[in-house]
Structures are given as C-alpha cells and as structure tokens.
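Asks: have a look; sequence and predicted model below, questions after that.
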Amino acid sequence: MSEVVLTEVHGKVGLIRINRPDALNALNNEVVDGIGRAVDQFEADENIGCIVLTGSDKAFAAGADIGLMKSYGYMDTYKTDFITRNWERIRSARKPVIAAVSGFALGGGCEVAMMCDMIYASDTAKFGQPEIKLGIIPGAGGTQRLPRAVGKAKAMDMCLTARMIDAAEAERIGLVARVFPVDQLLDETLKSAATIASFSLPVVMMVKESVNRAYESSLNEGLLFERRTFHACFAIEDQKEGMAAFVEKRKPAFKNR
Ligand code: DAK
C-alpha cells in the first residue's frame, strides 16, 4: 500500500486514510489508485463489514491535483479516461462506505465524499465545488450528485459561485448525515461503522443496494426492487436468527448467510 493512502482495521471496520498533508490531500493518481486498492482489499476481506474513508483534521481532500491537471489537453483526459478509470471504485463498492470529513472537501474531494454512502462531518468541515474558478466544471459527479443530495437551488449556488459551505449548513441541506466535534469525528464514525458491521452483511448490502436504487429508477420500479429484495431476505439464515433472537430475548449471532 502506498504511503499516501494508509489503511487500518478496527474490529470489523476497514479504515482508509488519505495521507498527503503537504498538498491538503489533493487527489493525484497515486492517491486515487491507493484508495481503489484499499477498497479492493476490504471488499475481499470477509471480516470487514463497513469501510470508512477519511483524511486529516485539516483536509479530507482539497480537490484533484491542480498541478497535475494544468498541462492536460483534451486528448490526455479523453484518451486516458481521466477520473473515470480509477475514481469510480468507491461507487462500485458493495459494502457501505462512510466518508468522515474534517477540514476541506473541495472539488474532487467533495465529489469523492459524495461517492460514499453517507458523509459524517466534523464541525470544522468545509464543502465546496470551486472548479469554476479554475475554468472547469465539476467533473467527478458534482453537477449530478450534489443536486440529488441538496436540491437544485443549493447545487447551483455552490457550483456557480464556488462558495464554500460549513458543516452546519451541509447538515441542514442534507449533504451530511451527522456533525461531530472535530476531536470526536473519527471515534464516532468508527462507532457507527461498527454498528453497521455488526449486522448481517448480506442484509447490509441489500439495504445499500435498495436505497441506491431510489436514485436510479422511478418510484414504482424502486418499490418493486425493494419488495423483491425484501422477499429474498426470507431465504437468508440471518433472518431466521435475527427474528429468533428477538423472540428469545437474546443477541443475534449473524453468520452472514
Ligand atoms: N491541488 C494541488 N495542490 C493543492 C491543492 C490542489 N487541489 N489544494 C491545495 N494544494 C496545496 C497548495 O498548493 C499548497 O502547496 P504549497 O504551496 O505549500 O507547496 C498546500 O496545498 C497548502 O495550500 P494553501 O497554502 O493554499 O493553504 P490555505 O489554507 O491557504 O488554503 C485552500 C486552503 C483549500 C482554500 C486552498 O489551498 C485552495 O483553494 N485549494 C484549491 C481548492 C480547489 O480549487 N479545489 C478544486 C480543484 S479542481 C475531472 C473530474 C474532476 C475534477 C477535474 C477533472 N474530469 C472528469 C476531467 C476535479 C477537479 C478539482 O477538484
């Protein structure tokens, strides 16, 4: 694993930390490939039930690496499939991924946070899509995921003015699920991730898949997907165990099958 991306295992939670402090965790290929490899590793590990992606107190990630991009031409971005090639790995993860954001989450940093299943933020977090100041548009999902998360008015405001929003506003508009004091963010996120990882992994993955389906389909199609998945739960051993444990007033012992 490269040094710009560190991994740790906390019980059943896999932690991925972006570690490029000199550049406020700006995302270059080494960082993005490192995140991808870490996601691969935790997805393949049967012991892991939830993944947390974080940065430092100062920056989750201040965006794609501007020094790297400044000399790119159209053909460089098109032929190498810039961004898409390696940035989409988080999105395709089947286990839940929580972004724990402190400090700057700007441009590609905000977009990577939004690729995760939910964002927990510290009270010092700052979110923004300032690409317009550099003569580009948000290109890793900012113009698409942001309006779905916060609605058109706030998304337009953020993308067109490059204004940064703080954690309180981000929580108010629905970009962020929860806000914690900066010194508690990681502990609280790991705690929440551990709760998720304590449940039946196939059911956790089904919940994630079903909620995500709400963004990809009509209400009727989404409800049908949910109903079929719900029915499938009754073929899972962990459903028998979960309900038996409730009736017998004991803790369930899920076996992930
Ligand atoms: N890239 C490279 N280096 C960065 C950086 C970035 N995005 N952000 C910060 N740094 C570096 C600074 O250059 C500085 O390095 P040294 O000068 O010390 O060597 C160091 O980090 C500390 O930064 P500052 O000295 O500027 O620190 P401040 O606290 O004064 O300011 C700041 C913090 C976050 C407000 C400021 O650094 C800043 O404005 N950074 C740039 C933020 C930004 O514009 N982010 C968006 C980048 S564009 C695409 C898809 C997606 C994207 C592009 C293409 N395709 C599909 C084609 C995504 C684009 C972006 O994310």
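Replies: Noted; the coordinates are in hand. Residues are numbered from 1 along each chain as shown.
Asks: could you check how far the residue most central in space within the chain is from C50?
Replies: The structure's the chain has its C-alpha centroid closest to C116; by Cα atoms, centre = their mean the separation is 1.4 Å. In this view, C116 and C50 are 11 Å apart by Cβ to Cβ, to the nearest Å. Glycine gets a C-beta too; all of them are placed from N, C-alpha and C.
Asks: which neighbours do the two share?
Replies: V97, I98 (Cβ atoms under 8 Å, 6 or more residues apart in numbering).
Asks: so how many other residues sit close to P147?
Replies: For P147, the neighbour count with other Cβ atoms under 10 Å is 16.
Asks: tell me which element it falls in.
Replies: helix 142-150 (DSSP states H and E).
Asks: which positions within the next helix-or-strand element following that helix qualify as buried?
Replies: Sequence order places helix 152-161 as the next helix or strand after helix 142-150, per DSSP H and E. Using 16 or more other Cβ atoms under 10 Å as the test for burial, helix 152-161 gives K154, A155, M158, C159.
Asks: these two touch, right, the second one and P138?
Replies: No. Counting by Cβ atoms under 8 Å, P138 is not a contact partner of A155; they are 9.5 Å apart.
Asks: quickly list what's touching both of the two.
Replies: Any residue near both A155 and P138 by Cβ under 8 Å, 6+ apart counts here, and that gives L146.
Asks: run a quick neighbour tally on whichever residue of the stretch 101-250 of the chain sits closest to the ligand.
Replies: Taking Cβ to the nearest ligand atom as the measure, the stretch 101-250 of the chain has G107 as its residue closest to the ligand, at 2.4 Å. Neighbour count for G107, taken as other Cβ under 10 Å: 27.
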